[in-house]
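A.B. asks: I'd like to go over a predicted model; first the sequence, then the structure.
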Amino acid sequence: MPSAGDVLTVDTDTTKTKWATPGAGGITQLTADVTAGPGSGSVAATVVATHLASPLPIAQGGTAGTTATTALTNLLPSQTGQSGNVLESNGTTASWQAPSAGGITQLTSDVTAGPGSGSQAATLATSLSSSRTFAASASVSGSNTGDQTITLTSDVTGSGTGSFATTLGTSLSSSRTFAASASVSGSNTGDQTISATGAASITNVSTAPFPASTAGNSDINATVRLPHPCIAPIVFVFGAPNVGWFAATGG
């Protein structure tokens, strides 16, 4: 009767079989690149990738290279004699092909660039073929090579280049509104007071009577309220009623 763990064997000197204790032979443990065991029967084996003596061949799913560069070279089609060519696929396989002649290689007219390939600097022409609208944030610089003199006519007159003085007309073509901070100066050659309707008028304001000597001398110290606005007031000195004035300011 066989015992637990016995195996069926054949006698070495006969053709008869018998139950016997299994021998000590066989692989019980693997080490180095592939590890397994110790154990008996069916034992799982593990490939130690960091312990491989040589790169895994392409045919076995590897790259056959020890660096990224050699691995890529091994996987790509041969690069010999392919300088400047590009890798192109036909939908099934990849191969080296000359780059397509398509694309923009040069710009002309309003914007110029090239000839060349890749990234090229572009230049906006100094004289555009038609009017253009630029974004508010656009920065355009350069020097003006056209007409240099600007002449102003009508309400504001002046002529010159760059920054030049201008003159506001003495008689404007229509009413104008000036800012409160505006400074307007000049001399009034007409009536002295402007009414609310804009028409010129004269307003007489008198002081109280004051005494004078028989020689006509008098010391006058008086205050009057002038209308507003009031331009170039004139002081007259009158005598008795209905006598008329006998002194005035100004020449």
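C.D. replies: Arrived safely. Numbers count the residues shown, from 1 in each chain.
A.B. asks: tell me the centre residue of this structure?
C.D. replies: Ser137 (7.7 Å; C-alpha atoms, centre = their mean).
A.B. asks: any idea of the pLDDT on it?
C.D. replies: At Ser137 the predicted local distance difference test score is 82.
A.B. asks: with Ala212 instead?
C.D. replies: At Ala212 the predicted local confidence, pLDDT, stands at 79.
A.B. asks: ok, what's across the strand from Phe238?
C.D. replies: Applying DSSP bridges to Phe238 yields these beta-bridge partners: Trp245.
A.B. asks: show me what Thr46 is bridged to.
C.D. replies: Taking DSSP bridges as the rule, Thr46 bridges to Thr35.
A.B. asks: what's Ser174 in contact with, if anything?
C.D. replies: Counting by C-beta atoms under 8 Å, 6 or more residues apart in numbering, Ser174 makes contact with nothing. Every C-beta, even on glycine, is put in place using the N, C-alpha and C of the backbone.
A.B. asks: quick check: phi and psi on the residue nearest to the centre of the chain?
C.D. replies: According to degrees, to the nearest 10, the main-chain angles of Ser137 amount to phi -90, psi 0.
A.B. asks: again with Ser174
C.D. replies: The main-chain torsion angles of Ser174 are listed as degrees, to the nearest 10 and equal phi -160, psi 170.
A.B. asks: repeat for the one 4 residues further on
C.D. replies: The phi and psi values for Phe178, taken as degrees, to the nearest 10, are phi -100, psi 150.
A.B. asks: look up how far Leu172 lies from it.
C.D. replies: Applying C-beta to C-beta, to the nearest Å, one obtains 11 Å for the distance of Phe178 from Leu172.
A.B. asks: repeat that for Ala59.
C.D. replies: Note on Ala59: its distance to Leu172, by C-beta to C-beta, is 97 Å.
A.B. asks: these two: which has the busier surroundings?
C.D. replies: The neighbour count for Ala59 versus Leu172, taken as other C-beta atoms under 10 Å, is higher for Leu172 (11 against 7).
A.B. asks: which residues sit in contact with the more buried one?
C.D. replies: Applying C-beta under 8 Å, 6+ apart, one finds that Leu172 lies in contact with Asp155.
A.B. asks: the residue nearest to the centre of the chain and Thr123, how far apart?
C.D. replies: Ser137 sits 20 Å away from Thr123, taking C-beta to C-beta as the criterion.
A.B. asks: which secondary element of the protein has the worst mean pLDDT?
C.D. replies: Ranked by mean pLDDT, DSSP states H and E, the weakest helix or strand in the chain is strand 193-194, scoring a mean of 55.
A.B. asks: so what's Ala212 up against?
C.D. replies: Under the criterion of C-beta under 8 Å, 6+ apart, the contact partners of Ala212 comprise Ser218.
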